[in-house]
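A.B. asks: Structure for the following, please:
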Amino acid sequence: MALTDLILFPVYVLIFYLIFSARRKRITDPVLRRYHLHGFWIKVLGTVAFTFFHLFITRGDTTALYYTEGINITKLILQDITNVKMLFTSGKHFDENLLADSFNRGYFKNESNYFITILVSFFSFFTFGSYSVINLVFSLISFSGVWRLYKFFYEQYPKLHRQLAIAIIYLPTFIFWSSGILKDPLCTGMLGWFTYSVYCAFIKRTGFTRNIIIAVISGAILGLVKSYILVAYIPFFTIYLVMMNLKQMQQTASKIILLGSLIFIGGGVMALIAGKLQEVLGNLALDKLTESVKTTQQNFMGIAELAESAFTLGVEFDGTPESLVKIAPAAVTASLFRPYLWESKKISTLLSSLESLAFMLFTLYVFLRAGPIRFLARIFNDPMIMYCFFFAILFALFVGATTLNFGTLVRYKIPCLPFYLIALILILEKSKEHKRLKQAAKNTRENN
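C.D. replies: From the prediction side, this is the model:
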């Protein structure tokens, strides 16, 4: 770490603290103010951990690709101002002879890789190229959206503020992997912005134009960086929006019109997303999912002997839809509950294995506390639980089926973890409420 990083990092922490403090003063709810302050400092500490980890333990994409090539583009611009066009062009047009590291040849054919790199370059002009400070910028972009995701749930379940904070603000791997120069901070941030802006536009019905613009921008960025997140997210979020609006409406005609409109819009958006997937991440497009899973598994297994953290699902997959159904339980289990403790061979996966163990134990606890029938009933009877649970499961299937390396899995799966945990929290809370009502009714009968 350069001396400039040690000097600049606390200076920028102070600058951002003042900015976020000004924002916090506008929050009237003392509960939200407290968590906003906690969230900020947690992200600062997460950035410190992320920076040290990637400087002294393992390099990875954050230093070897995004930061290295981002700073290289900055230098090219400073040498020749006409190179500023690199910030506004496509990655496929980048002259690979100008790469700082020839090992990175081919990476910019994926536009999401180039997008992160030019963001690093852009931010470097305002941060003196400091690695730790640029990590902080990415981390706080994530926090800005994660905070709105927390508000989305808190405004509907204020009594569960502590549980929601654990699921969203305090979740260890979610914090760590969204605290530096990677795609994941942008994904978690944009997912939060998208969710809260759509919620404000269609449920709260406030600032419609402004929130639609925010939703379009955040959705476009998310679609560019990781389109498959939207593919898993939008269907169930749309169902949630439809069911919540139907609850609010009294007139049958209005309900029919709204239902039809949202289904039409949702279908159109899904078509656009599927098309974008084929263009940018074609191997994850829905109509080629089974084929991509088979190819990706073969690629991972080809290097299994060289990769300490490679693993198998223990299920034969031949590329057919039927085998995808067979592999689904193992894939979802891998995303939510692996690596197991005995599978953690590196520091990078140890934290995730402890968290995965906690997820498994909490899942069993909620399942047994609610009972199998009521557990399933809660999912289908409550729009929020349904949306959170099925998004988490579908996303876990996508990631678990295509990522057979723990080092990558622990990072790729983080967008679905808060939603899965929140679904369990809501199921547990409803089960407790049901038992309280049952006990109250029993007491009333006995008193009578």
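A.B. asks: so how far is residue 388 from the closest residue to residue 200 other than its chain neighbours?
C.D. replies: Of all residues not flanking residue 200 in the chain, residue 211 sits nearest, at 4.6 Å (Cβ to Cβ, 6 or more residues apart in numbering). Bear in mind the C-beta positions are built from the backbone N, C-alpha and C, glycine included. Distance, residue 211 to residue 388, by Cβ to Cβ, to the nearest Å: 21 Å.
A.B. asks: Surely the residue nearest to residue 200 is within a helix?
C.D. replies: Yes - Residue 211 sits within a helix when classified using DSSP: H, G, I helix; E, B strand; the rest coil.
A.B. asks: Residue 166 falls within a helix, correct?
C.D. replies: Yes - under three-state DSSP, residue 166 sits within a helix.
A.B. asks: circling back to that earlier point, residues in contact with the residue nearest to residue 200?
C.D. replies: Under the criterion of Cβ atoms under 8 Å, 6 or more residues apart in numbering, the contact list for residue 211 reads 197-198, 200-201.
A.B. asks: so what's residue 109 closest to, chain neighbours aside?
C.D. replies: That would be residue 92: by Cβ to Cβ, 6+ apart, it lies 5.9 Å from residue 109.
A.B. asks: For that neighbour, what are phi and psi?
C.D. replies: Main-chain dihedrals, residue 92, degrees, to the nearest 10: phi -70, psi -20.
A.B. asks: same question, residue 155
C.D. replies: According to degrees, to the nearest 10, residue 155 has phi -60, psi -20.
A.B. asks: Now do the same for it: its pLDDT.
C.D. replies: The model reports residue 155 with a pLDDT of 96.
A.B. asks: From residue 349, how far off is it?
C.D. replies: 35 Å.
A.B. asks: So if I had to pick from these two, which one is more boxed in?
C.D. replies: A count of neighbours by other Cβ atoms under 10 Å puts residue 349 above the other of residue 155 and residue 349, at 23 against 15.
A.B. asks: My reading is that the more buried one is in a strand; is that accurate?
C.D. replies: No - using three-state DSSP, the assignment for residue 349 is helix, not a strand.
A.B. asks: Helices of the stretch 251-400 of the chain, start to end?
C.D. replies: Secondary structure of the stretch 251-400 of the chain by DSSP state H, counting those that start in this stretch: the helices cover 252-280, 289-302, 321-337, 347-370, 372-381, 383-402.
A.B. asks: Lowest average confidence across the ones you listed, which one?
C.D. replies: The minimum mean pLDDT among these belongs to helix 289-302 (a mean of 50).
A.B. asks: how long is stretch 23-30 end to end?
C.D. replies: This stretch, stretch 23-30, spans 14 Å end to end (Cα to Cα, to the nearest Å).
A.B. asks: List of residues touching it?
C.D. replies: Residues outside stretch 23-30 that contact it (Cβ under 8 Å, 6+ apart) are 33, 36-37.
A.B. asks: want to try JSON lines for the residues you listed, with secondary structure, pLDDT and neighbour count as columns?
C.D. replies: Shown next, in JSON lines, are the contacts of stretch 23-30 (DSSP: H, G, I helix; E, B strand; the rest coil; pLDDT from 0 to 100; neighbours: other Cβ atoms under 10 Å):
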{"residue": "33", "secondary structure": "helix", "pLDDT": "97", "neighbour count": "14"}
{"residue": "36", "secondary structure": "helix", "pLDDT": "97", "neighbour count": "20"}
{"residue": "37", "secondary structure": "helix", "pLDDT": "97", "neighbour count": "15"}
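A.B. asks: ok, so of the residues you listed, who is nearest residue 148?
C.D. replies: residue 36 (11.0 Å; Cβ to Cβ).
A.B. asks: Can you give me the distance of residue 372 to residue 427?
C.D. replies: Spatial separation of residue 372 from residue 427 under the definition Cβ to Cβ is 12 Å.
A.B. asks: neighbour count winner among these two?
C.D. replies: Neighbours per residue (other Cβ under 10 Å) separate residue 372 from residue 427, with residue 427 holding more: 25 against 9.
A.B. asks: check which helix or strand covers the more buried one.
C.D. replies: Using DSSP states H and E, residue 427 sits in helix 417-447.
A.B. asks: which one among the contacts of stretch 23-30 gets closest to residue 399?
C.D. replies: Using Cβ to Cβ, residue 36 comes nearest to residue 399 of the contacts of stretch 23-30, at 29.7 Å.
A.B. asks: nearest residue to the closest one other than its sequence neighbours?
C.D. replies: Leaving aside its chain neighbours, residue 36 sits nearest to residue 24 (5.1 Å; criterion: Cβ to Cβ, 6+ apart).
A.B. asks: mind showing which ranges of the stretch 1-150 of the chain have poor pLDDT?
C.D. replies: Counting by pLDDT under 70, the stretch 1-150 of the chain has low-confidence residues at 1.
A.B. asks: distance of residue 156 from residue 383?
C.D. replies: From residue 156 over to residue 383 the distance is 10 Å, taken as Cβ to Cβ.
A.B. asks: Among the two, which residue is more densely surrounded?
C.D. replies: Shown here are residue 156 and residue 383; by other Cβ under 10 Å, residue 383 has more neighbours (17 against 14).
A.B. asks: my guess is the more buried one contacts residue 238, does it?
C.D. replies: No - Residue 383 lies out of contact with residue 238 (Cβ atoms under 8 Å); the separation is 10.9 Å.
A.B. asks: ok, back up a step: quick check, nearest of the contacts of stretch 23-30 to residue 142?
C.D. replies: Of the contacts of stretch 23-30, the one sitting nearest to residue 142 (Cβ to Cβ) turns out to be residue 36, at 14.3 Å.
A.B. asks: still on that earlier bit, how about the contacts of residue 211 in TSV, adding secondary structure and neighbour count?
C.D. replies: Putting the contacts of residue 211 into TSV (DSSP: H, G, I helix; E, B strand; the rest coil; neighbours: other Cβ atoms under 10 Å) gives the following:
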residue	secondary structure	neighbour count
197	helix	24
198	helix	22
200	helix	22
201	helix	20
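A.B. asks: Max pairwise distance over those: which two?
C.D. replies: Farthest apart among the contacts of residue 211 by Cβ to Cβ are 198 and 200. That separation is 7.4 Å.
A.B. asks: quick one on the thing from earlier: could you export the contacts of residue 211 as TSV, including pLDDT?
C.D. replies: Shown next, in TSV, are the contacts of residue 211 (pLDDT from 0 to 100):
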residue	pLDDT
197	97
198	95
200	96
201	94
